[in-house]
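[1] give me a 3D structure for the following:
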Amino acid sequence: MVIVESPAKAKTIEKYLGKGFDVKASVGHIMDLPKNDLGVELKKRTFEPHLVVSPGKEKVVEQLKKAAAKADEVYLAPDPDREGEAIAYHLAMQLGTNAKERKKIRRVTFNEITKKAVQEAFGHSRDIDQNLVDAQQTRRVLDRLVGYQISPLLWDKVRRGLSAGRVQTVALRLIVEREREIRDFQAVEYWTLDALLHPEKRDGEKFKAKFVGVGGEPARVANGRDKDGKELFISSALADKKTVDEVLAALEKADWSVIGVQAREQQRRPLAPFITSQLQRDAANKLGFNVRRTMGVAQRLYEGVDLGDEGTTGLITYMRTDSPRVAPEAITAAREWITKQLGPQYLPDSPNTYKGKKDAQDAHEAIRPTDAARTPESVAKYLSDEQLKLYTLIWKRFVASQMVPAVYDVTTANIAAVSRANGKTYDFRVSGSVLRFDGFLKVYEVSEDKKAEDDETANRLPSLDGVTTLGLDELLHEQHATQPPPRFNEASLVKELEENGVGRPSTYASIINTIQDREYVVKHGGSRGRFYPTEIGVVVCDLLVENFPYIFDTTYTAKLETELDDIEEGTEKWTDLLNGFYSYFEKELKHAGKHMRNIKRLEEVTDEKCEVCGSPLVLKWGKFGTFYACSAYNKKDPTSCTFTKENIASKPDLNTPEAQEAGDTEEYCENCGKVMVMRRGLFGPFMACPDYNADPPCKTFRKLSSKQQQKPPEPTGEACPECGKPLVLRQGAYGEFVSCSGYPKCKYIKQNLVEGLKCPKCGEGDVAERRARRGNVFWGCTNYPKCDFTSNLKPVAKKCPKCGSPYLLEKTLKSGVYLVCPNAKKPAEEEATSRKRGKKAAAAAEESKVVCTYSKRIGDAPPPPTAETHGPVLEKPEEKKELQPA
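    Residues are numbered from 1 along each chain as shown. The predicted structure follows:
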């Protein structure tokens, strides 16, 4: 018996192993810490986790136990990382309940899912690596201690439902601190000067040279200091317009000459094969994939794709790695392909090797194709569009990593302009390059450091051999201002986390997902969008950093990651790490319990005045963040001023150039056809028609959490019976409804009542049509929750001629539409459903013991839905259906 974590992986491996092997899937983790309890022993400081079978996995565990009992040997084959080792350990706990069962359990790992790799793995089975298990278990305990002991503080001081994460908070801190850098940024003005020149007597060969200094002294402008206090400068720049004008005046009459030309060869070496963080960054920059999408597609490529006659095959190696190391046989295969397909001139004399970072785990190979000869073109017909794009990126990067460098001829010319007005020499420089040999660039296009590359290749210089004198065509000066650091997108945030040593390849995706799911940040600008901290995100970040300065310090979080690596290597005990961590954490937890600011009670006096009564406004905290309220408001006095207004300054500024960058495909208003824009409301950002506030307005909008646009309310021609304002047709979460246009002052909602029928249960309320959360329609009493009468069939105000029931039900069958008595005997399925609804429904069923057989056909059944009446029927892409004859 072989157990893996994924059904897709199980299907692939079973084909490779053949008869005699029964491959099962655990469908992820089967054990975890309990949800409603800390689950970690703290009294004796043993930190032993109390693991339980994960809710919903009881049947899976039971099935695996039964199958394992019948098997001669049990091989545990989850992914080859810490998390996979932990899954294997939990499986062994459940399956190896005695010495005999434990003896037949073995662990196998493979870095790629190919027939050769899988079969070789079973020849090198081993025991479960307890060090790997301890490292994963320690991470889980750390996260549980932080989450379960800090979150209640946030509930008490800020808002219920908030949560704190050990690594996620550090990621949030990076985003919040970057936002403050941008807010506090002071732009510095500077000017650049270029000269458009040509060799003497060759007017048609113009080129542009950059001003770099005067008399050998570089021209530069002060640009503040870095974090260490070192002065920063903008090179090849002038400080202001006055200085520019002085230089221009001096150069009006000047002699231009070439004082030196340097030609050199420059090589650009290929990049190493992908590690996880680099793949995530390149997929974001080149393909527009977010981190979650990249890892999901990579997982499917790793677990296997059906390649027709070749069968299901894993196309890439394991995608969670921080090592650029490559197996020798894979290097050999790549070199053979390069020689045959591109020629020996593209092959280096010896294989290229790459070193990883000092703190890399180096547990797995780099991400590469399982077979270099399997080109993207050869598998394109078997892959989806996104799979092909990612596989192409991985294949090209790997093959390029074993090719020769690209070679450029770089020419740099130094130019002097001697002013006849003041005798000073003004220095100019121009560089240009020509690609002599494409090398690895024949396969892989480099996007990293593109700006630096552009600076070198911007100019194609004419030949300056033997040229001494130059002619001036034009002086070009331009004003600039320094820009603040850009906000993080997913690619740059992963890079920042990696450079700071925060998190590991397997955690980047979950970190980014978590801070978005908790609404601590919003991403705007499409798939390449930037992160903006929300007000609640800033408040939570500040409170946690203020009260837990050590635990949420970026350096300490990186140190913990290194210590987790030490546990994996067996050089540190997991209990020693947790004891050291908890000694700091416990002190900060006690301090925070006493001193953390209570945001709920925020009442800060401001300089703003009430627009109604002129009293000062105070800043308060509400369900959706801070807002302004009139200080004259008195809860006990109903006549006091109730004026409030939104605190716009606390909301993310979504009107920045970064926020307006084009990301995904433009969305059009379904009402008027204009391009939808992002707006900000009381409850957060939303998509809206640009004419949202126009005259006349188009009120079409879409919540970011919804896929459907909501059209503006449509007048019905009726008047509200309560206030007299027009009634309008609106779209709600559960469908259309009619309400007063005076909302929120008038909350009247028109109900679709059954004419002439009072509630048969309470006799007081009416019976109205309602819609459940799942979208199904039912009928219920308008006195709910006092009266709980409901019916899945439409009640009709007609008395049953047989048993005297005050109403009948309208039932639609294939044979037609019928009026039936509600006292008719229910089918067995409906009776079973009623029993599940609880004691009240069961008691009501007992009371209604009258059985009536009345049924009357009143019409034909409605025609089946067509494309004209209900729109086209879309099949799920994963379901392959055979066409049936009409």
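[2] all strands in the stretch 1-150 of the chain, in order from the N-terminus.
    2-4, 23-25, 31-32, 52-53, 74-76, 105-107 (DSSP state E, counting those that start in this stretch).
[3] out of those, which gets nearest to Phe643?
    The closest of the strands of the stretch 1-150 of the chain to Phe643 is strand 31-32. By C-beta to C-beta, the value is 49.6 Å. No exception for glycine: its C-beta is placed from N, CA and C like everyone else's.
[4] sheet partners, orientation included, of that closest one?
    Partner strands and pairing direction for strand 31-32 (DSSP bridges) are strand 52-53 (antiparallel).
[5] who touches the partner strand?
    By C-beta atoms under 8 Å, 6 or more residues apart in numbering, the surrounding residues in contact with strand 52-53 are Ile30, Met31, Asp32, Leu33, Pro34, Gly39, Val61, Gln94.
[6] which ones are touching Ala797?
    By C-beta under 8 Å, 6+ apart, the contact set of Ala797 is Val754, Glu755, Gly756, Leu757, Tyr807.
[7] and the two most separated of those residues?
    Pairwise distances across the contacts of Ala797 peak at 11.8 Å for Glu755 and Tyr807 (criterion: C-beta to C-beta).
[8] so what's Val133 closest to, chain neighbours aside?
    In space, and not counting its chain neighbours, Val133 is closest to Tyr89: 4.5 Å by C-beta to C-beta, 6 or more residues apart in numbering.
[9] pretty sure that neighbour is touching Asn131, no?
    No - the pair Tyr89 and Asn131 does not pass the contact test of C-beta atoms under 8 Å, sitting 11.3 Å apart.
[10] those two: which has the busier surroundings?
    A direct count of neighbours by other C-beta atoms under 10 Å for Tyr89 and Asn131 places Tyr89 higher, at 22 against 18.
[11] so which elements touch the biggest helix by length in the chain?
    The single longest helix within the chain, with elements called by DSSP state H, is helix 130-157. On a contact count with 3 or more C-beta pairs under 8 Å, 6 or more residues apart in numbering; DSSP states H and E, helix 130-157 meets helix 82-95, helix 166-184, helix 535-547, helix 554-569, helix 574-595.
[12] name the helix or strand for the spatially most central residue of the chain, please.
    By C-alpha atoms, centre = their mean, the mean C-alpha position of the chain lies nearest to Asn513, the distance being 4.7 Å. Assigned by DSSP states H and E, Asn513 belongs to helix 508-517.
[13] which residues touch the residue nearest to Val133?
    Ile128, Gln130, Val133.
[14] got a winner among those for most neighbours?
    Of all the contacts of Tyr89, Val133 has the most neighbours under the rule other C-beta under 10 Å, reaching 21 neighbours.
[15] ok, that residue to Pro34 distance?
    19 Å (C-beta to C-beta, to the nearest Å).
[16] check Lys103 too.
    Relative to Pro34, and taking C-beta to C-beta, Lys103 is found at 30 Å.
[17] which one of those two has more residues nearby?
    Pro34 (14 against 11).
[18] ok, of the contacts of Ala797, which come out buried?
    Val754, Leu757, Tyr807 (16 or more other C-beta atoms under 10 Å).
[19] Arg293 is in contact with the residue nearest to the centre of the chain, correct?
    No - in terms of C-beta under 8 Å, Asn513 does not count as a neighbour of Arg293; the distance is 11.1 Å.
[20] what about the strands in the stretch 351-500 of the chain?
    Using DSSP E, counting those that start in this stretch, strands in the stretch 351-500 of the chain cover 406-419, 425-437, 469-481.
[21] the helices in the stretch 251-400 of the chain, which residues?
    276-282, 291-303, 328-341, 376-379, 385-401 (DSSP state H, counting those that start in this stretch).
[22] okay, the angle between the third one and helix 385-401?
    With axes from the mean of the first three to the mean of the last three C-alpha atoms, to 10 degrees as the criterion, the two stretches helix 328-341 and helix 385-401 enclose an angle of 90 degrees.
[23] contacts for the helix holding Asn513?
    Residues contacting helix 508-517 (C-beta under 8 Å, 6+ apart): 165, 167-168, 171-172, 175, 276-277, 280, 290-292, 294-295, 490, 493-494, 497-498, 503, 521-523, 537.
[24] quick one: mean pLDDT for that helix?
    In this model, helix 508-517 has a mean pLDDT of 88.
[25] each with direction, which strands does the very next helix or strand once past that helix pair with?
    Scanning forward in sequence from helix 508-517 by DSSP H and E, the next helix or strand is strand 521-524. Here strand 521-524 is paired, per DSSP bridges, with strand 530-533 (antiparallel).
[26] just how off-centre is the strand it pairs with within its chain?
    12 Å (C-alpha atoms, centre = their mean, to the nearest Å).
[27] before we move on, what about stretch 517-527?
    Here the centre of stretch 517-527 is set off from its chain's centre by 8 Å, with C-alpha atoms, centre = their mean.
[28] cool, and stretch 632-651?
    The answer for stretch 632-651 is 37 Å, by C-alpha atoms, centre = their mean.
[29] with stretch 465-478 instead?
    Its chain's C-alpha centre and that of stretch 465-478 lie 51 Å apart, by C-alpha atoms, centre = their mean.
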